[in-house]
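Asks: give me coordinates for this.
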Amino acid sequence: MPGLKNMNPMGDITFGKAWEDGGPLMWVLAFFSIMALTVMLYLWLTQRKSSFVERNIKRIISAKDPEAEGARIAERVYAAVDWLSDIAAIAPLVGLLGTVLGMFQAFGGIATDVAAGAKPVVLAQGVSQAIVTTIFGLVIAIPSLLMHAIFRRRAARLVAALEEKADEVLG
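Replies: So this is what the prediction gives:
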């Protein structure tokens with residue numbers, strides 16, 4: 001198809017340009033991105049079956065109330081995983097806030113520039129912020145939600161293995 005071989009859906013947009021267009025909410029999205037990566041790394045390191053069961057079975061055996069201690073351990077494991085769900089829910093909302101602010105800027109710019117003929121560049125700047133923050137919010141949310149599902153299933157298997165080992169040891 002002639003003419004389609006040079007079409008680039010992203011045009012000449014660089015990360016720096018996208019960051020600039022996204023405005024101050026990009027810092028909030030960067031924070032959530034770093035937080036999500038940190039939680040994923042933490043869960044990947046702490047949710048290894050052999051070390052998890054060994055580390056926590058000792059705590060259960062030495063506890064005054066082994067059942068309550070097991071419940072506390074399970075609650076902590078699931079609470080750590082839920083951070084990813086929270087990030088997956090909040091990041092797109094921050095992106096949506098950027099969308100609303102970008103549209104507000106775009107239409108506010110048109111309203112103040114009506115007398116001068118409302119140039120398309122005024123509209124484009126606000127729409128650019130709207131699109132960029134939405135994209136970045138989704139780019140953070142989608143992997144966070146995917147990893148939440150993976151780590152939640154892993155946590156369920158770890159808690160079940162710990163319960164099995166505790167039943168075996170405590171009789």
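
Asks: which other helices and strands contact the longest helix along the chain?
Replies: When the chain is parsed with DSSP state H, its longest helix is helix 120-170. Where contact means 3 or more Cβ pairs under 8 Å, 6 or more residues apart in numbering; DSSP states H and E, helix 120-170 is packed against helix 15-22, helix 25-46, helix 49-62, helix 66-113. C-betas here are computed from N, CA, C, even on glycine.

Asks: which secondary element of this protein has the worst mean pLDDT?
Replies: Lowest mean confidence among the helices and strands of the chain (mean pLDDT, DSSP states H and E): helix 15-22, at a mean of 77.

Asks: can I get it in CSV, CA atoms only?
Replies: What follows is helix 15-22 as a C-alpha-only set of coordinates in CSV (Å, rounded to 0.1, in the frame of the first residue of the first chain):
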residue,chain,number,x,y,z
PHE,A,15,9.7,10.3,25.9
GLY,A,16,10.9,13.8,26.9
LYS,A,17,8.3,15.5,24.8
ALA,A,18,5.6,13.2,26.2
TRP,A,19,6.8,14.0,29.8
GLU,A,20,6.7,17.7,29.1
ASP,A,21,3.2,17.5,27.5
GLY,A,22,1.9,15.4,30.4
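
Asks: low-confidence ranges in this structure?
Replies: 1-12, 109-123, 125-126 (pLDDT under 70).

Asks: before we move on, back to that, chain center to the least confident helix or strand of the chain: distance?
Replies: With Cα atoms, centre = their mean, to the nearest Å as the basis, helix 15-22 stands 19 Å off its chain's centre.

Asks: for stretch 75-92, same thing?
Replies: Counting by Cα atoms, centre = their mean, stretch 75-92 comes out at 9 Å from the chain centroid.

Asks: same check on stretch 14-29?
Replies: For stretch 14-29, the separation from the chain centroid amounts to 17 Å (computed by Cα atoms, centre = their mean).

Asks: that stretch: end-to-end distance?
Replies: End-to-end distance of stretch 14-29 (Cα to Cα, to the nearest Å): 17 Å.

Asks: what comes up buried for it?
Replies: 18, 21-23, 25-26, 28-29 (16 or more other Cβ atoms under 10 Å).

Asks: for those residues, give me TSV that also has distance to Arg72.
Replies: Shown next, in TSV, are the buried residues of stretch 14-29 (distance: Cβ to Cβ, whole Å):
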residue	distance to Arg72
Ala18	44
Asp21	46
Gly22	41
Gly23	43
Leu25	37
Met26	38
Val28	33
Leu29	34
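
Asks: now, which of those residues sits nearest Glu54?
Replies: Leu29 (38.3 Å; Cβ to Cβ).
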